[in-house]
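Undergrad: Below: sequence and its predicted model.
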Amino acid sequence: MRASVRSSSGETVDQVELREDIFGLDPHIPVMHQALVRQQANARLATASTKTRGEVSGGGRKPWRQKGTGRARHGSIREPQWRGGGTVFGPRPERNYRKRMPRKMRRLALRSALSVKAVEGWIVVVDELRLPAPKTREMVALLDRLAVDSSALILLPERDEAIERSAHNLPQVKTLHANYLNIRDLFTYDYLIISLGALATIESFLG
């Protein structure tokens, strides 16, 4: 599979061969879904919390004597059936939501998502990403020259402060180091803007 290589001015300057084993696969939908669920679960924080009967206040004595009152037996007013009592089987802050997934499956999910992007024409390859100054309007102008009219994920081979700061104020644009490519960002953003250096990085760990 061949793709056009554009310059920062938007002109086509070359052609590049996209590897079939990364950008030309039949997408594996279940693996992509599993990888997305795993990433979202691993980012989840156990913020929901309830108190058990041992943690709520009060209930230090038996509400009435065991026998002779005609009422049901109770040992504490903080039992779960009482108003203000503890919660049974409620969410706990120590719960672990993390999910595991083999590395081969995670990489298959990335290759499948990249293949979908390639088939649908959402991949833009540029020879080099350079901006004269870290300004938002410079990034907007660059995206206009590349005919990017929707949300975009910009992959960088290494840290570039000018690019990152220029895209920081654009809610539909995100910069990411190529080594940290993940399934959630591939699903979140439409266009995938890759420099040749970032393309080499992707091929080095996905090929």
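TA: That came through, no problem. Numbers count the residues shown, from 1 in each chain.
Undergrad: and the residue in the chain sticking out farthest from the centre, how far is that from Lys62?
TA: Distance from the C-alpha centroid of the chain peaks at Gly68, with 62.0 Å (Cα atoms, centre = their mean). Going from Gly68 to Lys62 by Cβ to Cβ, to the nearest Å gives 13 Å. In this view, the C-beta of every residue, glycine as well, is placed from N, C-alpha and C.
Undergrad: again with Asp185
TA: 58 Å.
Undergrad: Secondary structure element for Thr201, which one?
TA: helix 196-206 (DSSP states H and E).
Undergrad: Tell me the strands beside the helix or strand where Ser4 lies, with direction?
TA: Ser4 is part of strand 2-6, with elements assigned from DSSP H and E. Within its sheet, strand 2-6 is paired with strand 12-17 (antiparallel), strand 123-126 (parallel), according to DSSP bridges.
Undergrad: Include mean neighbour count and mean pLDDT when you put those strands into CSV, please.
TA: As requested, the strands paired with strand 2-6 are exported to CSV (neighbours: other Cβ atoms under 10 Å; pLDDT from 0 to 100):
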stretch, mean neighbour count, mean pLDDT
strand 12-17, 11, 89
strand 123-126, 21, 94
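Undergrad: Out of those, which gets nearest to Leu181?
TA: With Cβ to Cβ as the measure, strand 123-126 is the member of the strands paired with strand 2-6 nearest Leu181 (12.5 Å).
Undergrad: Give me the residues contacting the closest one.
TA: 3-8, 16, 18, 23, 114, 117, 146, 148, 191-196, 199 (Cβ atoms under 8 Å, 6 or more residues apart in numbering).
Undergrad: For ChimeraX, write the selection for the buried entries among these.
TA: Applying 16 or more other Cβ atoms under 10 Å to these, the buried members can be selected in ChimeraX as follows:
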select :3,5,6,8,18,23,114,117,146,148,191,192,193,194,195,196,199
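Undergrad: what comes up buried for stretch 175-184?
TA: Applying 16+ other Cβ under 10 Å to stretch 175-184 flags 175-176, 178, 181-183 as buried.
Undergrad: try stretch 128-135
TA: Neighbour counts over stretch 128-135 (16+ other Cβ under 10 Å) mark 129, 131, 134 as buried.
Undergrad: Now do it: distance to the chain's middle.
TA: Relative to its parent chain, stretch 128-135 has a centroid offset of 26 Å by Cα atoms, centre = their mean, to the nearest Å.
Undergrad: cool, and stretch 28-42?
TA: 10 Å.
Undergrad: and that stretch, average pLDDT?
TA: Averaging pLDDT along stretch 28-42 gives 96.
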